[in-house]
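Colleague: Build the 3D model from these lines:
(4 chains)
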There are 2 protein chains.
Amino acid sequence: MAGEDVGRFTFDPAPVQRTHFEKERLRVKAVKHKPGHVTLLDIARACGFSVSTVSIVLSEAPLSRNVAVKTRERIRAKARQLGYHPDAYARSLRRRRSQTIAVLAYDLSDPFCFPILRGIQSGLHPAQFRPLLMDAETERKLFDSYLKMILELRAEGLIVIASWVFEETNLLADMEKNHVPIVIVGRDLTPSKISSVLVDNEAGGALAMRHLCALGHRKIAVIRGPAELFDSAPRWAGVQRAGAEAGIRIDPRLVFQLPGMVDPASGFEGGRDFARQILASGRACTAVLAFDDLTALGVVRGLNEAGLRVPEDCSVLGFDDVLPAAMATPGITTIRQPLAEMGSLAAQWVLEAIEARESGRQKAPQLYKARPELVVRMSSGPPP
Amino acid sequence: MAGEDVGRFTFDPAPVQRTHFEKERLRVKAVKHKPGHVTLLDIARACGFSVSTVSIVLSEAPLSRNVAVKTRERIRAKARQLGYHPDAYARSLRRRRSQTIAVLAYDLSDPFCFPILRGIQSGLHPAQFRPLLMDAETERKLFDSYLKMILELRAEGLIVIASWVFEETNLLADMEKNHVPIVIVGRDLTPSKISSVLVDNEAGGALAMRHLCALGHRKIAVIRGPAELFDSAPRWAGVQRAGAEAGIRIDPRLVFQLPGMVDPASGFEGGRDFARQILASGRACTAVLAFDDLTALGVVRGLNEAGLRVPEDCSVLGFDDVLPAAMATPGITTIRQPLAEMGSLAAQWVLEAIEARESGRQKAPQLYKARPELVVRMSSGPPP
DNA sequence: ATGTTTTATTCAAACGTTTGAAACCTTGAC
DNA sequence: GTCAAGGTTTCAAACGTTTGAATAAAACAT
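Modeller: Next up is the predicted model:
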């Protein structure tokens, strides 16, 4: 009995642990001038409150309603004066939230990516999420290393901009395993249960073809996209369908195929080569339906080099409506993808998926095919 | 004397703290299925070692040499199997390093930014730093909020791509206060003690002017950049110098000034307007020296709309060598900025500054003016 | 046997935040 | 003079990782 009491009243009962306060005091002495950033503790010391109070005030936690107004002001002032910025790492660690959504583009240098990016950003800004931008530079290795990084940075969602280069292999496994919601822009991956936003390529192809037919063209050359590229097939299908509807048989000898691209700008050279080839072959055509805008620009260049003018001698159509197409002279008639809208829809979907996961629900993968739009500029006209 | 000993031998000396082991055991029972990511503890439990050992092995710390090979393998296998990825937040918090360099662009949609970005990325990749890409979208508010974010995310360095929009006001204060090294690309801020990488605008302007003079042009119109833009003045100075050297007086009535830009693409409209104005005024010129490529493209468009051809009736020069200038037909003769090299130099400088700071030294701000290069394409030729 | 080194593993204290629970004042009521 | 209520502030335990110091076990020499 006495033994128990002694235990409680001993003068020096095995000093197992220092109190928090003691630890803080020690630190005050130990650290002379911190090389790093200013912390809550610095502020707490500077104005005589505990770290807790300071935290509560500065993070505007619900509890801060209970803190005296005078105290609040004193703390805020000190924080401002010392240039305090909360440590995102400590905060995210503790809160178990990164407030981060990764945006992984297969190649930012593709003018196609920008408007999408803008859409994503505009969709993300209102929510309290910061975009984590990454550019895979069309390199598989980089792409994978970024995916690893995304997992390590505990991104709460992922938006992939990928018209190609994107093989779902490991990605799916590891992301899925960690319950990171994914949305992909520019490709249909709903078969793999990933929400997808893309343009209706089939409709776009048809739109382009109908435009040329309406202008009176009959001999139309078509440059199909590279085989690896997901967009190529449906676009071609749409072109064929519209041709059939207009009663036009597309001469197979006027159908070309872009080689596999190594970088997005290579479409330009492809288009230029095509123009040279068709002129050399002597086969006549009054219009060229190019796979995308950069290819169309290449075609214009190739035709010009041979002394042919666009659109007087030959019409040229592009696809995507990227910046260079609008700024060239003649401006390229093209099929516009509503890229910004697509981006912001992707952002919205990711946010919804995160919210759903939060409340225990599961969001079924969705698919949205944006309606393309014909933009008539100067590169198309009636046949000569 | 007895009292002290009693303290040590008491049966139940106020159980002040649970041991680490106990804590872990408790957690094992408490948490059934973790909703979040798999942690070191999960792996430790799964293969019967302590968290320390697992950490040492997986992070390949120096101590891991002492860990039995068998153990190492077992741990690695388990980590792979469970899909473990170290938590960047916990790691950075503990290591007090974010391994992150922020790259803040004033407007990613400007084709001018990309090549720089690529340069930066290529300079950063070999080092163990991840770029933290941010796009201010030409909005002051966003710019500031990103700067705040950069501080919170404890970026170890900052590269700013800013030909404009960048006012150094608060930035300097807060970044400097936290010892974050800064390099700016596209503007000389060495007066504010910030290392700067930019093109030698004066030399570029002169280069362009000399090209036109050499072709035999005498009546040369010049479109000066917007006043807010830092590049405008030195470029104009170079043009004047080269003109004087060639004995050419530039007719003040042929000198125009772009209005302040709201977005990077607005140069196009500026150039187009200019062409309309000069044609309407009836003043003759045989060449136009435009402030940048986008402006040059606008001029080409404007001239074409009036029935004038480039370069037969009038030569047009650009500046920067961005993608659309190369892809237009005719290709725009321009002054190339070695953007990629500039970007990678900026990256190198930041890395050096970080290293310097690490070893207590201080790196003096540097200035590099890249040598511009004339790229002759098809938009320039002898006067008619 | 006893000490010394080597090898393999773990302890416990950080890093900077957040937050449920506890403690500390006042003040007012019985 | 005790109790309760309320407002204000602090405690202490997390979050997941790293790491200097400590321990345990084995190997080796004395």
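
Colleague: so where's chain A shaky on pLDDT?
Modeller: Applying pLDDT under 70 to chain A flags residues A:1-35, A:163-173.

Colleague: For the residue positioned nearest the centre of it, which residues count as its bridge partners?
Modeller: With distances taken as CA atoms, centre = their mean, residue A:103 lies nearest the centre of chain A, 4.1 Å away. On the basis of DSSP bridges, residue A:103 is bridged to residue A:133, residue A:159.

Colleague: shouldn't it be in contact with residue A:119?
Modeller: No. Applying CB atoms under 8 Å, one finds residue A:103 not in contact with residue A:119, separated by 10.7 Å. (Glycine included, C-beta is placed from N, CA and C.)

Colleague: Residue A:345 and residue B:37: what is the separation?
Modeller: Separation of residue A:345 from residue B:37 (CB to CB, to the nearest Å): 28 Å.

Colleague: next one: residue A:257
Modeller: For residue A:257, the distance to residue B:37 - CB to CB - is 45 Å.

Colleague: Neighbour count: the two, which is higher?
Modeller: Under the criterion of other CB atoms under 10 Å in any protein chain shown, the comparison of residue A:257 against residue B:37 puts residue B:37 first, with 20 against 15.

Colleague: That one against residue B:88, yeah?
Modeller: No. In this structure, residue B:37 is not within contact of residue B:88 by CB under 8 Å, at 10.8 Å.

Colleague: contacting residues around the residue of the stretch 101-250 of chain A found nearest DNA strand C?
Modeller: Going by CB to the nearest atom of the strand, DNA strand C is nearest to residue A:128 of the stretch 101-250 of chain A, at 12.8 Å. For residue A:128, the contacting residues are residue A:99, by CB atoms under 8 Å, 6 or more residues apart in numbering or on different chains.

Colleague: okay, and the common contacts of residue B:37 and residue B:88?
Modeller: Common neighbours of residue B:37 and residue B:88 (criterion: CB under 8 Å, 6+ apart): residue A:154.

Colleague: Let me see the ranges of the strands in the stretch 201-350 of chain A.
Modeller: Taking DSSP state E, counting those that start in this stretch as the criterion, the stretch 201-350 of chain A contains strands spanning A:220-224, A:255-257, A:287-289, A:315-317, A:334-336.

Colleague: Tally up the residues packed near residue A:384, please.
Modeller: Neighbourhood size, residue A:384 [other CB under 10 Å]: 11.

Colleague: any idea how far DNA strand D is from the nearest residue to residue A:41 once chain neighbours are set aside?
Modeller: In this structure, residue A:41 finds its nearest non-sequential neighbour in residue A:51, 5.6 Å apart by CB to CB, 6 or more residues apart in numbering or on different chains. Look at residue A:51 and DNA strand D: by CB to the nearest atom of the strand, to the nearest Å, they are 6 Å apart.

Colleague: Reformat the strands of the stretch 201-350 of chain A into JSON lines and put distance to residue A:235 next to each item.
Modeller: Listed next are the strands of the stretch 201-350 of chain A as JSON lines, based on distance: least, CB to CB, whole Å:
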{"stretch": "strand A:220-224", "distance to residue A:235": "8"}
{"stretch": "strand A:255-257", "distance to residue A:235": "12"}
{"stretch": "strand A:287-289", "distance to residue A:235": "9"}
{"stretch": "strand A:315-317", "distance to residue A:235": "11"}
{"stretch": "strand A:334-336", "distance to residue A:235": "9"}
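
Colleague: which of those sits most buried?
Modeller: Of all these, strand A:287-289 has the most neighbours on average by mean count of other CB atoms under 10 Å in any protein chain shown, namely a mean of 31.

Colleague: Any part of that strand near chain B?
Modeller: No. Shown here: strand A:287-289 not in contact with chain B (CB under 8 Å from any CB of the partner chain), separated by at least 13.9 Å.

Colleague: Tell me how many other residues surround residue A:51.
Modeller: As a burial measure, residue A:51 scores 16 neighbours (other CB under 10 Å).

Colleague: What distance do you get for it to residue A:72?
Modeller: On the measure of CB to CB, residue A:51 and residue A:72 end up 15 Å apart.

Colleague: Then residue A:88?
Modeller: With CB to CB as the criterion, residue A:88 and residue A:72 are 23 Å apart.

Colleague: Which one's more surrounded, the two?
Modeller: Taking other CB under 10 Å, residue A:88 and residue A:72 do not tie; residue A:88 has more neighbours (22 against 17).

Colleague: So which bits of the helix or strand containing residue A:81 are buried?
Modeller: Using DSSP states H and E, the element containing residue A:81 is helix A:69-82. Residues of helix A:69-82 classed as buried: A:71-72, A:74-75, A:78-79, A:82 (neighbour count, 16 or more other CB atoms under 10 Å in any protein chain shown).
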